[in-house]
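1. no sequence for this one, just the structure:
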């Protein structure tokens, strides 16, 4: 919760909820909304909540997140049906994973893609060229140089739990 409290006090508008217990969701969304923060909810990483289309429908109706993040096609599709921004999280480990990711992105039409690991600018550039979908870079990003490389490669945003990077870009 300390990361969330820091985020609330920062100038950042957007954030991601992950690794939360289902019982805390309503209260953290209320806190975020009271500070005009636009929060994405990572459906795959909520404890006590199955990451499927039924849970997504419930979350979209009850909590009204700004966006949903998931690796699952059914979750992405349901979020879009409910008018919630959908971010397809994809792990690009090799050429086969890259090609499968493009197929899933074309099939699901997410609003955003989160590519992991985000420290591979070449993959960010290729994925953006292949899909035209805005990209977030995440995973293993630890330095300002890695942030800049990801942005230069075409990412529109970077997700990181590194507080030093938060401070560096919180202007």
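-> That came in fine, so what should we check first? Computed from a predicted model, the values in this text were never measured in an experiment.
2. tell me the contacts of residue 67?
-> Shown in contact with residue 67 (C-beta atoms under 8 Å, 6 or more residues apart in numbering): 38, 39, 40, 41, 79, 84, 85, 86, 87, 111, 112. Every C-beta, even on glycine, is put in place using the N, C-alpha and C of the backbone.
3. longest helix anywhere in this protein?
-> The residue-count maximum for a helix in the chain (DSSP state H) belongs to helix 95-108.
4. all helices for this structure, in order.
-> 2-9, 25-34, 53-62, 73-81, 95-108, 121-131, 144-153, 163-169.
5. which one of those helices is the most hemmed in?
-> Highest mean neighbour count among the helices of the chain (mean count of other C-beta atoms under 10 Å): helix 73-81, with a mean of 20.
6. That helix packs against which elements?
-> Secondary-structure packing of helix 73-81 (3 or more C-beta pairs under 8 Å, 6 or more residues apart in numbering; DSSP states H and E): helix 53-62, strand 67-70, strand 85-91, helix 95-108.
7. Just send these back as JSON lines, with mean pLDDT too.
-> Putting the helices and strands packed on helix 73-81 into JSON lines (pLDDT from 0 to 100) gives the following:
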{"stretch": "helix 53-62", "mean pLDDT": "98"}
{"stretch": "strand 67-70", "mean pLDDT": "98"}
{"stretch": "strand 85-91", "mean pLDDT": "97"}
{"stretch": "helix 95-108", "mean pLDDT": "95"}
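8. Quick one: closest of the ones you listed to residue 163.
-> Taking C-beta to C-beta, strand 67-70 is the member of the helices and strands packed on helix 73-81 nearest to residue 163, at 20.6 Å.
9. picking up where we left off before, and the contacts of the longest helix of the chain?
-> Contacts of helix 95-108 (C-beta under 8 Å, 6+ apart): 73, 76-77, 80, 86, 88, 90-92, 113, 123, 126-127, 130-131, 133.
10. Identify, from those, the entry nearest to residue 141.
-> residue 123 (13.2 Å).
11. Leaving out chain neighbours, which residue sits closest to residue 48?
-> residue 22 (3.8 Å; C-beta to C-beta, 6 or more residues apart in numbering).
12. For the one you found, report the pLDDT, please.
-> According to the prediction, residue 22 has pLDDT 97.
13. for residue 118, same thing?
-> 86.
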